[in-house]
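Undergrad: Structure for the following, please:
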Amino acid sequence: MRALPLAISSIGLLLVAGCADADRAEKVAPPTVRAGAALPTVQPPGAYAKEGWFGGADGLHARVAIRGVERQAAKSVLRYSVTSLDSSVKSVPFEIALLDTAGRRLYKPTGTTSGSGFAPGTTREMSADYPPIPATVQKVTAITPGTAGEFTGIPVAAASATPSATATPSTPGAPSFSSAPPSGSVPSSPSASSSPSVGAEPQVGAEPFMAGAPSPITTSPSATSSPPSSTPGGNPVDLYDIVEGENRTVSSGGSSVTVSLRSDALFESDSGKLSSRGKSVLGDVAQEIKARAAGALTFEGHAGDAKLSGERAQAVLDEVKGKVGAGFTYAANGKQDGDGVDVTYQLKSSASGSVQPASFRVRDGQKVASRTAPFGAAKRRLEVKPFYRDGAYIVAVFDIVNEGPGTTPPDASYPNPSYPGGVFGAFSIQVPGKKDVYRAVRVGPPTPGRPTNYVDAGRAVFRTAVNEPVRGFVYLPAPPGNVTSVTFDAGPFGKVEKVPVS
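TA: This next block holds a predicted model:
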């Protein structure tokens, strides 16, 4: 993750595969499994527990067990516990984001959860508040900045007066949850009188995901959900797919789409006049607008000359308008920067589709390929695991192992300068035989001049010593169709063909 802890790109805390002393520490009774160990014969309902390292390089070793998300009148509440498996008292950033992977939205906590003073061998019951999650959402994914990574398949259910394993009518087989905080729980927004005591314990990790003041929300007592926001400071916020094509890059969220067209695919050299190729490209764009868009269409030109950028934006507007016709409003402007034309439109209202959130995954599959790359005098090894679908996305899963000499730099990452802020921005997938490139899922629209958050663990390094595997993950747009394998471009590690997707 870099200077700012990211994503989706630095969120909160939870833990990877398992632990032998779960019965000592957990009320949830879930057997958990260390990476590489055998799966338990039976995984009981409600067993949402993982073990890992969190908060920063060589941070807190802990196990997290999630009870679930409960619906309350004007908010949603995540209930979970953290058990320190470390040998010393540590404090870490501890904020968890929730993904609606079918509706393509991210929910940020509305308060600050204390991550101070985790003492060895103790369990802390915790909770975090979020905007109300729609009743149509049955499961969410909890994103944590640690080697445990993503907790898929977390149930969202109505609160009840007492804890119960009884399913609610709207969620067959899902638990209900107590509306009262469990004893010893830590509220999302501690009062000044409960300021954490730091003492001499080390602070590890960077600022929480999407650092800054907790996101305000406006809700009514009716438990209706907050509308998604297209701004980074909103809550919930849209998630954006990024797909690079031969002539364009498409950034699409739950409510809007921006098609960024290259100038050499549209115009004659140093001209505002469309080429025959450009008119063909815009014919395809017009067909997409007819099928998917509603309301306003905006055309923004980019060039080193302000006059030329305006002329190009107007030329594209005129061509698209001639093909699309009435029923839309049109606006064009030019900017003296970059190169190309951006076409932005709002999507017609539609359901989330038939995509389904993933079930909870206690551990990753077996390694399918390895690649080694030099980083200065040192080497690191990438071990690719099977990928899987979670709603509208493919989750790329891998371990990165330091082969030495020396420790891994704590701020090491694998960026792409075109997408600043992503820990694994250099990683992408393609469908075998196809040209489109699918990049990391972005949280909200980009902010000019600033890094942007992406759906990953928030940083790439949680352990620094030689031969210690560090699990990583990144969410990528799922290509259309029933894709069962992809080509994984792992940036400095090279390409891996035929990575299975389940």
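Undergrad: Nearest residue to Gly391 in space, please, no chain neighbours.
TA: Of all residues not flanking Gly391 in the chain, Thr101 sits nearest, at 2.6 Å (Cβ to Cβ, 6 or more residues apart in numbering). (Glycine included, C-beta is placed from N, CA and C.)
Undergrad: Now do the contacts for the one you found.
TA: Neighbour list for Thr101: 140-141, 152, 355, 357-358, 390-393 [criterion: Cβ atoms under 8 Å, 6 or more residues apart in numbering].
Undergrad: what's the distance between it and Gln346?
TA: The gap separating Thr101 from Gln346 is 22 Å, by Cβ to Cβ, to the nearest Å.
Undergrad: which residues of the protein fall in helices?
TA: 7-10, 22-25, 276-292, 306-324 (DSSP state H).
Undergrad: what's the closest of those to Lys434?
TA: With Cβ to Cβ, the closest approach to Lys434 among the helices of the chain belongs to helix 276-292: 16.0 Å.
Undergrad: can you give me the strands in the stretch 201-350 of the chain?
TA: Using DSSP state E, counting those that start in this stretch, the strands found in the stretch 201-350 of the chain span residues 237-244, 248-252, 256-261, 293-302, 328-335, 340-347.
Undergrad: Report the buried residues of the longest one.
TA: Read it as strand 293-302. Within strand 293-302, the residues scored as buried using 16 or more other Cβ atoms under 10 Å are 293, 297-302.
Undergrad: closest to Glu268 among those residues?
TA: Using Cβ to Cβ, Gly301 comes nearest to Glu268 of the buried residues of strand 293-302, at 14.9 Å.
Undergrad: Could you double-check that that closest one lies in contact with Ala331?
TA: No - the criterion here is Cβ atoms under 8 Å, and Gly301 misses it with Ala331 at 11.9 Å.
Undergrad: Tabulate the buried residues of strand 293-302 in CSV, adding columns for pLDDT and distance to Val320.
TA: Shown next, in CSV, are the buried residues of strand 293-302 (pLDDT from 0 to 100; distance: Cβ to Cβ, whole Å):
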residue, pLDDT, distance to Val320
Ala293, 93, 10
Leu297, 96, 7
Thr298, 97, 11
Phe299, 97, 8
Glu300, 97, 13
Gly301, 96, 13
His302, 95, 17
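Undergrad: follow-up on the earlier one: among the strands of the stretch 201-350 of the chain, show me which one is buried the most.
TA: strand 237-244 (a mean of 23; mean count of other Cβ atoms under 10 Å).
Undergrad: which residues touch that one?
TA: 99, 104-106, 108, 228-231, 249-256, 392, 419, 436-445, 455, 477.
Undergrad: and the angle from it to strand 256-261?
TA: Interaxial angle, strand 237-244 versus strand 256-261 (axes from the mean of the first three to the mean of the last three Cα atoms, to 10 degrees): 20 degrees.
Undergrad: hmm, back to that, TSV for the strands of the stretch 201-350 of the chain, including distance to Ser84?
TA: Output for these, formatted as TSV (distance: least, Cβ to Cβ, whole Å):
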stretch	distance to Ser84
strand 237-244	31
strand 248-252	40
strand 256-261	43
strand 293-302	50
strand 328-335	51
strand 340-347	45
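Undergrad: Which of the contacts of strand 237-244 are buried, as a PyMOL select command?
TA: Burial among the contacts of strand 237-244 is assessed by 16+ other Cβ under 10 Å; the matching PyMOL selection reads:
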select buried, resi 99+104+105+106+108+228+229+230+249+250+251+252+253+254+255+256+392+419+436+437+438+439+440+441+442+443+444+445+455+477
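Undergrad: give me every residue that touches Val77.
TA: By Cβ under 8 Å, 6+ apart, the neighbours of Val77 are 69-70, 127-130, 159, 177.
Undergrad: From Ile133, how far out is it?
TA: Distance from Val77 to Ile133, by Cβ to Cβ: 10 Å.
Undergrad: So for these two, which residues contact both of them?
TA: Here Val77 and Ile133 have Val69 as joint contacts, going by Cβ under 8 Å, 6+ apart.
Undergrad: quick one on the thing from earlier: among the contacts of Thr101, which one is most surrounded by other residues?
TA: Sorting the contacts of Thr101 by how many neighbours each has (other Cβ atoms under 10 Å) puts Val140 first, at 30 neighbours.
Undergrad: Return the set of residues that bridge with Tyr393.
TA: Taking DSSP bridges as the rule, Tyr393 bridges to Asp390, Pro477.
Undergrad: residues contacting it?
TA: 101, 441, 455, 475-478.
Undergrad: can we see that at 7 Å?
TA: 101, 441, 475-478 (Cβ atoms under 7 Å, 6 or more residues apart in numbering).
Undergrad: which one among those gets closest to Leu282?
TA: Nearest member of the contacts of Tyr393 to Leu282, counting by Cβ to Cβ, is Pro477, at 23.5 Å.
Undergrad: Count the neighbours of Gln314 for me.
TA: Gln314 has 18 nearby residues by other Cβ under 10 Å.
Undergrad: how near is it to Ala332?
TA: Remark: distance between Gln314 and Ala332 (Cβ to Cβ) = 5 Å.
Undergrad: again, but for Gly153
TA: Taking Cβ to Cβ, one finds Gly153 at 46 Å from Ala332.
Undergrad: can you check Arg450 too?
TA: Distance from Arg450 to Ala332, counting by Cβ to Cβ: 26 Å.
Undergrad: Out of the contacts of Thr101, which one has the weakest pLDDT?
TA: Across the set of the contacts of Thr101, Val355 stands lowest in pLDDT, at 88.
Undergrad: ok, now which ones touch it?
TA: Val355 neighbours (Cβ under 7 Å, 6+ apart): 102, 391-392.
Undergrad: So which of those residues is the closest to Ser87?
TA: For these, the nearest to Ser87 is Gly391 (38.1 Å; Cβ to Cβ).
Undergrad: My guess is the closest one contacts Ala102. True?
TA: Yes - using Cβ atoms under 7 Å, Gly391 is in contact with Ala102, at 4.4 Å.
Undergrad: I'm done for today, thanks for sticking with me.
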